[in-house]
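Colleague: Next come a sequence and a model predicted from it.
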Amino acid sequence: MTVLLAESFAERGARERARALLDAGSFRELIGPFERLSSPYLATQGVVPQSDDGTVVARGTIGAQRACVVATDGRFLGGSIGEIGGSKIAGALELARRDFERGSPTRMVLALDTGGIRLQEANLGILAVAEICDAIVALRLVMPVVAVIAGRVGVYGGLALSTSLCSTIIVSEGARIGLNGPDVIETESGLDEMDSSDRPLIWRVTGGRMRHEQGFASEIVPDDVAAIRSAVERAFADPHPLPALEAPAFPDPRLERDAFLRALGIEP
Ligand code: COA
């Protein structure tokens, strides 16, 4: 009798998740913890920084093809993204785009587990997310950009916006995808709107299965390394880089403002 035991992806740390997604023995970390590139803003706020800033960038191969996996560490400040971690992610995406231009296409996987922009680094995190979104949009014109949302946190806030730009979104049932987190909704709109301690409710609203059913995720997978690896390989096996995103023609914000002032009876 063969007993197949699932090997949990969610129970691994970011570095081990990146290692699990890359072909055995191919993991090589860029800007690793010994570079001591940690956030300079946390200590002054009484938070102990982490020497990789909670973001792991690893090169290697997937299906014997050149690859890069970015994994965020949900155990460090909820996997939130500040200036350093955000720059690492945007830099990795830009590097993959340059690899393609140099004739060495790189399979890019974002294994995100994050509460979004780091509250302690607010504006810097917002800038980082803008750079990440920009880099995803540029890369997916030439190569698929695959998101794996299969950690304990899931993906929230600005990074949920970035995730939605990826060409394939693989989600596990235990993960979550949302814009405002339950804590933020409860704080801003009260307990009637969202009880952030009601975990079944949170998963009913933002859980992986619900998001897949709503069409926000391309594929739902069990919390199993082998299943996630094969979903990633499938995403690259049929590599149809997506066309440019069609951005709506944004009205000139100054005209909007003028119209708003006129509606209030104020001549701008
Ligand atoms: N910035 C800084 N810290 C964050 C964070 C963020 N964006 N998101 C989560 N964390 C921290 C939490 O404060 C908590 O820290 P603590 O252990 O010191 O208390 C830790 O990560 C784990 O979060 P917790 O809320 O205990 O875990 P959870 O599984 O119950 O919920 C979230 C995780 C992400 C759903 C919840 O923390 C949340 O709603 N966060 C806000 C998400 C959001 O709206 N982001 C928008 C920013 S763009």
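Modeller: Thanks, I have it.

Colleague: The closest residue to residue 55 other than its chain neighbours: what's it in contact with?
Modeller: Spatial nearest neighbour of residue 55, excluding adjacent residues (CB to CB, 6 or more residues apart in numbering): residue 85 at 3.5 Å. Any C-beta I mention is one placed from the backbone N, CA and C, and that applies to glycine too. Shown in contact with residue 85 (CB atoms under 8 Å, 6 or more residues apart in numbering): 39, 53, 54, 55, 72, 118, 128.

Colleague: quick one: secondary structure of the second one?
Modeller: Using DSSP: H, G, I helix; E, B strand; the rest coil, the structure places residue 53 in coil.

Colleague: if I look at it, how far off is the ligand?
Modeller: 12 Å (CB to the nearest ligand atom, to the nearest Å).

Colleague: Number of residues surrounding that residue?
Modeller: Residue 53 has 29 neighbours, counted by other CB atoms under 10 Å.

Colleague: where's residue 200, which helix or strand?
Modeller: Using DSSP states H and E, residue 200 falls within helix 199-206.

Colleague: quick one, phi psi at the residue nearest the centre of the chain?
Modeller: For the chain, residue 112 is the residue whose C-alpha lies nearest the centre (CA atoms, centre = their mean; 3.9 Å). Residue 112 adopts backbone torsions of phi -90, psi 140, taken as degrees, to the nearest 10.

Colleague: show me what contacts it?
Modeller: With CB under 8 Å, 6+ apart, residue 112 has these contacts: 70, 71, 72, 79, 147, 148, 149, 151, 155, 159, 162, 163.

Colleague: Just flag the most distant two among the residues you listed.
Modeller: 151 and 162 (15.2 Å; CB to CB).

Colleague: Which residues are in contact with residue 17?
Modeller: 9, 69, 71, 111, 113, 151.

Colleague: mind redoing it with 6 Å?
Modeller: Residues near residue 17 by CB atoms under 6 Å, 6 or more residues apart in numbering: 71, 111.

Colleague: same question, residue 63
Modeller: Per CB under 6 Å, 6+ apart, neighbours of residue 63: residue 233.

Colleague: Next one: it from the ligand, what distance?
Modeller: 32 Å.

Colleague: again with residue 90
Modeller: Distance from residue 90 to the ligand, by CB to the nearest ligand atom: 16 Å.

Colleague: What score does the residue in the stretch 151-268 of the chain that the ligand sits nearest to have for pLDDT?
Modeller: Using CB to the nearest ligand atom, the single residue of the stretch 151-268 of the chain nearest to the ligand is residue 181, 2.0 Å away. Listed pLDDT for residue 181 reads 93.

Colleague: Now residue 267: closest residue in space that isn't a chain neighbour?
Modeller: Closest to residue 267 by CB to CB, 6+ apart is residue 261, at 7.4 Å.

Colleague: host element of that neighbour?
Modeller: Counting by DSSP H and E, residue 261 is found in helix 253-263.
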